[in-house]
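only the shape, not the letters, is given here:
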């Protein structure tokens, strides 16, 4: 399936692998997709929203409490043909699984129509990934219709050690998204 002219909403939570999200956005853009990015406020401390704005030529949404946004969480949820969450931290996965909407990113995800594919690329420390609570939360996400978990992979993690928790490569995430849109 093609992503040309598809509306892709890319969400980024605060994982060190957020740099890979830039490459993922570029893959969608090169294939003719319309891309908008929403970030958590913590993610915006790791990489400037200006980077994503430059890549997409669209405003980047970070805070729910920007007066000009109004009902932007509802509008973006309706706009998207697919939502790709990369990186998906343990914190963000837990919030989604528990139905917590305390930031713009989680609010948009909870407002997505069930038919809208949600592609989630976990990224975290291997001990966090192995944690029973994280496993339970991922299992809850898998129960959502049209939810696809991509990774994580085994490799060198942010702390320098080898383990499972590394975000899947942008090409793999793109491939899963393209197949399921």
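Received it, and whenever you're ready, just let me know what you need. Quick caveat: nothing in here was measured; it's all calculated off a predicted structure. Residues are numbered from 1 along each chain as shown.

rest of the way, CA atoms for contacts and neighbours
Noted.

just give the nearest non-adjacent residue to residue 146, would you?
Nearest in space to residue 146, with sequence neighbours left out and distances taken as CA to CA, 6 or more residues apart in numbering, is residue 117 at 4.7 Å.

hang on, that neighbour packs against residue 85?
No - if you go by CA atoms under 8 Å, residue 117 and residue 85 don't touch, sitting 10.8 Å apart.

so the two - more neighbours on which side?
Set side by side, residue 117 and residue 85 show more neighbours around residue 85, with 28 against 21, by other CA atoms under 10 Å.

secondary structure class for that one?
Here residue 85 is recorded as strand under DSSP: H, G, I helix; E, B strand; the rest coil.

beta partners for it?
Under DSSP bridges, the beta-bridge partners of residue 85 are residue 11, residue 120.

per-residue pLDDT, it?
pLDDT, residue 85: 98.

and it, how far is that from residue 6?
Distance of residue 85 to residue 6, computed by CA to CA, to the nearest Å: 16 Å.

which outside residues touch the helix or strand harbouring residue 177?
Element membership for residue 177 (DSSP states H and E) is helix 170-180. Helix 170-180 is contacted from outside by 1-3, 20-21, 23-24, 27-28, 82, 84, 117, 119, 121, 146, 148, 150, using CA atoms under 8 Å, 6 or more residues apart in numbering.

distance from the chain centre to it, please.
Distance of helix 170-180 from its chain centroid, counting by CA atoms, centre = their mean, to the nearest Å, is 12 Å.

which ones are touching the residue nearest to residue 146?
81-83, 145-148, 177, 180-181.

please apply the same query to residue 152.
For residue 152, the contact set (CA under 8 Å, 6+ apart) comprises 121-123, 164-168.

now with 6 Å, please.
Listed by CA atoms under 6 Å, 6 or more residues apart in numbering, the contact partners of residue 152 are 122, 165-168.

go on, residue 122?
87-89, 152, 167.

change it to 8 Å
Contacts for residue 122 (CA under 8 Å, 6+ apart) come out as 86-90, 149-152, 165-168.

ranges for the strands of the chain?
Counting by DSSP state E, the chain has strands at residues 7-12, 34-39, 82-88, 118-122, 147-149, 153-156, 162-166.

as JSON lines, the ones you listed with distance to residue 102 would be great.
Converted to JSON lines, these look like this (distance: least, CA to CA, whole Å):
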{"stretch": "strand 7-12", "distance to residue 102": "15"}
{"stretch": "strand 34-39", "distance to residue 102": "13"}
{"stretch": "strand 82-88", "distance to residue 102": "16"}
{"stretch": "strand 118-122", "distance to residue 102": "19"}
{"stretch": "strand 147-149", "distance to residue 102": "21"}
{"stretch": "strand 153-156", "distance to residue 102": "28"}
{"stretch": "strand 162-166", "distance to residue 102": "25"}
